[in-house]
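**Student:** Here is my input; please provide its structure:
(one chain, ligands or ions: 2)
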Amino acid sequence: MTTPALTIAVPRGALLGDTLTLLDAVGVDTSEVRANDRKLLFDDVGIVTMRPSDVPTYVEAGAADVGITGKDVLTEQDERQVVELLDLGYGPCRMILATIATPPSEPDPAAEALRRLGVMRVATKYPKTAARYFDATGRQAEIVEVKGSVELAPLTGLVEAIVDLTATGTTLRENGLVIREEIERSTARLIANPVAHKLKAAAIDELVTRMRAAGGTVTA
Ligand SMILES: Nc1ncnc2c1ncn2[C@@H]1O[C@H](COP(=O)(O)OP(=O)(O)OP(=O)(O)O)[C@@H](O)[C@H]1O
Ligand SMILES: O=P(O)(O)OC[C@H]1O[C@H](OP(=O)(O)OP(=O)(O)O)[C@H](O)[C@@H]1O
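**Tutor:** Ligands and ions are numbered 1, 2, ... in the order given. Predicted coordinates for the structure are as follows:
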């Protein structure tokens with residue numbers, strides 16, 4: 001058995017299926033990953049699996065040479081020293097600002113607040129992205145960080161608005177929320193550790209070439 005040239009950080013959850021399909025297409029054998037739901041380290045094929053938000057941590061530290069995660073994660077963790085190499089195209093979603101929907105005949109307090117009147121309370125799993133967006137658009141926000149099910153926060157009166165990801169819009173709709181503003185579009189990205197990018201250039205270039213042939217777009 002030969003040691004794999006690269007260690008690849010693979011996101012579990014929403015991006016896992018398309019990531020494994022891509023890895024198969026570029027010649028990385030993912031059968032062991034597919035067959036072992038709870039196992040995390042696959043030495044013989046150089047795959048480690050983790051939450052998407054942990055991928056930049058492992059890649060920055062060099063615990064993985066390259067990794068795949070959402071653009072939304074990279075925006076939130078923009079302090080991480082990683083090199084973004086490819087837009088892989090899958091996992092499309094939008095980072096949006098949403099509030100409770102108001103019937104057209106009624107006053108719309110959220111619209112007032114969004115017109116720079118007062119401080120808006122905003123729940124999110126993405127505190128840096130949300131704070132930066134409110135700052136850039138000249139409005140005041142009190143950011144309330146939650147770990148998930150963000151849509152619940154305005155329904156209970158915890159906040160007036162949320163900053164969250166949406167793809168199909170189903171979760172927003174089922175909870176009576178409407179999109180007010182779009183902050184960013186996101187897709188899966190290939191990132192690399194800066195040192196590995198130089199020291200393992202041949203192996204990383206080969207991976208990039210194969211992923212481009214499979215549909216990825218160069219972003220850097
Ligand atoms: N409909 C969607 N909702 C949320 N994320 C999506 C969606 N479609 C694609 N994604 C991508 O998948 C990633 C989140 O995946 P998932 O929901 O499985 O992770 P998570 O459990 O929220 O993990 P983490 O705690 O790391 O955020 C996002 O960062 C985004 O890039
Ligand atoms: O527009 P949709 O297709 O309905 O997808 C959007 C939902 O998916 C994500 O949640 P996730 O499943 O990651 O769970 P979480 O709320 O616990 O983060 C996101 O936070 C939304 O809640």
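**Student:** Using PDB, list the CA coordinates for the longest helix seen in the chain.
**Tutor:** Looking across the chain with DSSP state H, the single longest helix is helix 201-213. Extracted C-alpha coordinates of helix 201-213, given in PDB (Å, rounded to 0.1, in the frame of the first residue of the first chain):
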ATOM      1  CA  ALA A 201       2.900  21.800  -5.600                       C
ATOM      2  CA  ALA A 202       3.000  18.900  -8.100                       C
ATOM      3  CA  ALA A 203       0.400  16.800  -6.200                       C
ATOM      4  CA  ILE A 204      -1.900  19.800  -5.600                       C
ATOM      5  CA  ASP A 205      -1.600  21.000  -9.300                       C
ATOM      6  CA  GLU A 206      -2.500  17.500 -10.400                       C
ATOM      7  CA  LEU A 207      -5.600  17.500  -8.100                       C
ATOM      8  CA  VAL A 208      -6.600  21.000  -9.400                       C
ATOM      9  CA  THR A 209      -6.200  20.000 -13.000                       C
ATOM     10  CA  ARG A 210      -8.400  17.000 -12.500                       C
ATOM     11  CA  MET A 211     -11.000  18.900 -10.500                       C
ATOM     12  CA  ARG A 212     -11.100  21.600 -13.300                       C
ATOM     13  CA  ALA A 213     -11.700  18.900 -15.800                       C
END
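**Student:** ok, and does the helix or strand harbouring Ile96 reach over to ligand 1?
**Tutor:** Ile96 belongs to strand 93-100 when assigned by DSSP states H and E. Yes - using CB under 6 Å from any ligand atom, strand 93-100 reaches ligand 1 at Cys93. (Glycine included, C-beta is placed from N, CA and C.)
**Student:** again, but for stretch 170-190
**Tutor:** Yes - Stretch 170-190 reaches ligand 1 (CB under 6 Å from any ligand atom) through Ser186.
**Student:** hang on, the earlier thing: which secondary structure elements does the strand holding Ile96 contact?
**Tutor:** helix 71-76, helix 109-114, helix 152-155, strand 161-166, strand 177-186 (3 or more CB pairs under 8 Å, 6 or more residues apart in numbering; DSSP states H and E).
**Student:** if you set the cut-off to 10 Å instead, what comes out?
**Tutor:** With contacts taken as 3 or more CB pairs under 10 Å, 6 or more residues apart in numbering; DSSP states H and E, strand 93-100 sits against helix 71-76, helix 109-114, strand 119-124, helix 127-136, helix 152-155, strand 161-166, helix 170-174, strand 177-186.
**Student:** if we can go back for a sec, helix or strand right after the longest helix of the chain?
**Tutor:** Per DSSP H and E, the helix or strand that comes after helix 201-213 is strand 217-218.
**Student:** need the residues of the protein near ligand 2, please.
**Tutor:** 148-151, 164-171.
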